[in-house]
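K.L.:
turn this into a structure:
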Amino acid sequence: MPTSFLKVQCKSALNRSRGPGFDWTLNPYSGCAHRCTFCYVRSYERRADRPADGRYGTVVRAKVNVAQVLDRELARPSWRREAVSVGGGTDPYQPAEARFRLTRACLRVLAAHRNPVDLLTRGTLIVRDVDVLQEAARRARLHLCFSIPTLSEAVWRKTEPGAPPPHQRLRALSMLAGAGLRVGVALAPVLPGLSDDAAGIGAVVRAARDAGATSLWADLVHLPPGTREHFLENLARDWPGLLPRYERLFGRRASAPRSEQRTLHARLADARRRFPLRRHRLIEPPREPEQLALPV
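P.N.:
Residues are numbered from 1 along each chain as shown. Just a heads-up that it's a prediction; the model follows:
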């Protein structure tokens with residue numbers, strides 16, 4: 001389906017988050033042309049009374065003033081340079097970024113304010129911004145992460161129809177790592193019966209290691225209302241034999257049982273032992289000055 005773009009004005013750029021490792025989220029866009037069948041953001045769209053089905057991603061809203069609003073928010077005296085996560089709600093390097101360059105503009109602002117950044121993407125367009133990313137890494141902690149849940153072309157084509165193929169993401173990762181940037185891989189979301197086998201996880205870990213990844217983590221698919229209906233509809237079409245397994249695993253829950261998570265993490269740990277990550281020379285920001293206590 002073709003994607004149309006809407007230019008919108010935002011009142012705020014940063015949103016408070018309860019996610020691990022960061023305090024705030026920043027999303028220059030709303031809606032995502034990658035149209036992943038498992039995207040948890042579909043549940044947010046449903047709550048906002050917007051389409052969460054196959055129409056999701058056909059309209060992308062570009063927050064054209066987001067960089068200016070972000071600059072004002074980071075300049076507030078109350079701001080304490082808390083960690084900002086970019087891309088938790090929609091991919092910051094989806095195709096719209098080639099046209100609007102909002103993520104690039106926001107990264108410039110974050111670098112100017114020496115603000116720590118975590119950025120998650122499937123988009124290979126990120127390599128365009130290596131200059132801005134290097135400058136941000138020199139000024140504050142910067143951690144980039146590619147979502148690569150599988151190397152299977154069949155699974156990628158059916159579940160991430162608008163996203164670049166995994167081998168292109170690995171090539172982009174290699175370019176960023178070669179530029180001295182800290183860049184990891186998220187095996188997320190892992191899909192039971194499709195990408196959770198030990199061999200498949202090992203293949204991703206080995207490829208990530210060879211490309212220069214500095215970190216790895218994994219998580220199973222999450223199916224809240226809105227996401228669940230669309231994902232299971234596509235599963236029934238493409239892999240009907242797996243539908244009973246998902247109905248058993250998830251029931252009325254959004255998350256799979258903890259036993260499934262433990263199995264996934266055990267397989268990831270085993271793959272990491274077999275394919276340990278290598279040390280790399282990375283761009284590092286200057287150390288924060290220590291405040292010395294005055295003698296009493």
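
K.L.:
so L6 sits in a strand?
P.N.:
Yes - L6: assigned to a strand according to DSSP: H, G, I helix; E, B strand; the rest coil.

K.L.:
which residues are in contact with it?
P.N.:
V59, V60, R61, A62 (C-beta atoms under 8 Å, 6 or more residues apart in numbering). All C-beta spots, glycine's among them, are computed from the backbone N, C-alpha and C.

K.L.:
spatially central, which residue of the chain would that be?
P.N.:
Centroid-nearest residue in the chain: L120, 2.9 Å away (criterion: C-alpha atoms, centre = their mean).

K.L.:
could you find the closest non-adjacent residue to that one?
P.N.:
G87 (4.4 Å; C-beta to C-beta, 6 or more residues apart in numbering).

K.L.:
next, count neighbours for that neighbour.
P.N.:
By the criterion of other C-beta atoms under 10 Å, G87 has 25 neighbours.

K.L.:
tell me who's in contact with it.
P.N.:
Listed by C-beta under 8 Å, 6+ apart, the contact set of G87 reads N27, Y93, L119, L120, T121.

K.L.:
rerun that using 6 Å as the cut-off
P.N.:
L119, L120, T121 (C-beta atoms under 6 Å, 6 or more residues apart in numbering).

K.L.:
dihedrals phi and psi, the first one?
P.N.:
If I follow you right, that is L119. Dihedral angles of L119 (phi, psi; degrees, to the nearest 10) stand at phi -130, psi 130.

K.L.:
all strands of the chain, in order?
P.N.:
Taking DSSP state E, the strands of the chain run over residues 4-8, 14-16, 24-26, 29-30, 59-63, 84-86, 117-121, 142-147, 183-190, 216-220.

K.L.:
what strands flank the first one, and is each parallel or antiparallel?
P.N.:
Yep, that's strand 4-8 we're talking about. Note on strand 4-8: by DSSP bridges, its sheet partners are strand 59-63 (parallel).

K.L.:
what about stretch 233-253, how long is it end to end?
P.N.:
End-to-end distance of stretch 233-253 (C-alpha to C-alpha, to the nearest Å): 17 Å.

K.L.:
ok so, going back, can you lay out the strands of the chain as a markdown table showing mean pLDDT?
P.N.:
Conversion of those to a markdown table gives the following (pLDDT from 0 to 100):
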| stretch | mean pLDDT |
| --- | --- |
| strand 4-8 | 96 |
| strand 14-16 | 94 |
| strand 24-26 | 96 |
| strand 29-30 | 96 |
| strand 59-63 | 96 |
| strand 84-86 | 97 |
| strand 117-121 | 98 |
| strand 142-147 | 98 |
| strand 183-190 | 98 |
| strand 216-220 | 98 |
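
K.L.:
follow-up on the earlier one: buried only: go through the contacts of L6 for me.
P.N.:
V60, R61, A62 (16 or more other C-beta atoms under 10 Å).

K.L.:
how about P257: what's its closest non-neighbour residue?
P.N.:
Closest to P257 by C-beta to C-beta, 6+ apart is L249, at 6.7 Å.

K.L.:
you'd agree the one you found is up against S259?
P.N.:
No - the criterion here is C-beta atoms under 6 Å, and L249 misses it with S259 at 9.8 Å.

K.L.:
show me which of the two is the more surrounded one.
P.N.:
A count of neighbours by other C-beta under 10 Å puts L249 above the other of L249 and S259, at 19 against 9.

K.L.:
measure that one to P192 for me?
P.N.:
The gap separating L249 from P192 is 6 Å, by C-beta to C-beta, to the nearest Å.

K.L.:
likewise for T150?
P.N.:
Counting by C-beta to C-beta, the gap from T150 to P192 is 12 Å.
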